[in-house]
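In: Next come a sequence and a model predicted from it.
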Amino acid sequence: MASTEPEKKVQEEEENTTAAATGEEEDTGAEFAPIVRLEEVAVTTGEEDEDALLDLKAKLYRYDKEGSQWKERGTGNVKLLKHKESGKVRLVMRQNKTLKICANHLVTAATKMQEHVGNEKSCVWHATDFSDGELKDEMFCIRFASIENCRSFKDKVEEIAESVRKSDTKEEDKDASDAAGLLDNLTVSEKKTEATPSKEEASSPST
């Protein structure tokens, strides 16, 4: 009977050694609460009040006037976003992963897309851009994976620019009409003033 005790101890030691070697740990069932509890923070992009009219993957370049060469601005998704209230459309592009803005400007009546010479997948245009936090006159070149995507982008921008031109023409016509109406009112008022005799003229005896 006494000889069985050492055998049990040896067996237990072997089991413990085997568990340690295989990396097995005893599950105590204890739960640990995090030291710091992080709260969810709502992230805004500035695009919440806008509807996406177009969203395509592309690579953007900016023309460096000092170096007289094209420099890559980033690869990501270019979007045409229409504001829900004002109706204005802006072009926005963010770099992949970092989401840094590499293009941010309004599509105006002066926005004109041109096909890049020798490359049907690319477009070139001028814009007053605000991606660096200040307004700058820039020349951009954008390249798409397919000719179809490039055409879709070019056609959509030109469609928006044409719509802005028509809207501006209507506003100009309305302003001109309003100005003409004010001039007519002034002319009529002046004529009435000239035609109405003063009290002194009406009361003076005729000679």
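Out: Arrived safely.
In: which residues does residue 114 contact?
Out: Neighbour list for residue 114: 123-125 [criterion: CB atoms under 8 Å, 6 or more residues apart in numbering]. For glycine as for every other residue, the C-beta is placed from the backbone atoms N, C-alpha and C.
In: Make a markdown table from these and add pLDDT, secondary structure and neighbour count to it.
Out: Below are the contacts of residue 114 laid out as a markdown table (pLDDT from 0 to 100; DSSP: H, G, I helix; E, B strand; the rest coil; neighbours: other CB atoms under 10 Å):
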| residue | pLDDT | secondary structure | neighbour count |
| --- | --- | --- | --- |
| 123 | 96 | strand | 21 |
| 124 | 97 | strand | 18 |
| 125 | 98 | strand | 20 |
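In: number of nearby residues for residue 153?
Out: 20 (other CB atoms under 10 Å).
In: Check residue 139 too.
Out: Neighbour number of residue 139 under other CB under 10 Å is 15.
In: Report the secondary structure element holding it.
Out: Using DSSP states H and E, residue 139 maps to strand 136-143.
In: Which strands or helices does that strand pack on?
Out: strand 50-64, strand 69-83, strand 122-129 (3 or more CB pairs under 8 Å, 6 or more residues apart in numbering; DSSP states H and E).
In: Need the winner for burial among those strands.
Out: Mean neighbours per residue, mean count of other CB atoms under 10 Å, is largest over the helices and strands packed on strand 136-143 for strand 122-129, with a mean of 18.
In: For that strand, give me every contacting residue.
Out: 91, 103-106, 111-116, 135-144, 150, 153-154, 157.
In: I am finished for the moment; much appreciated.
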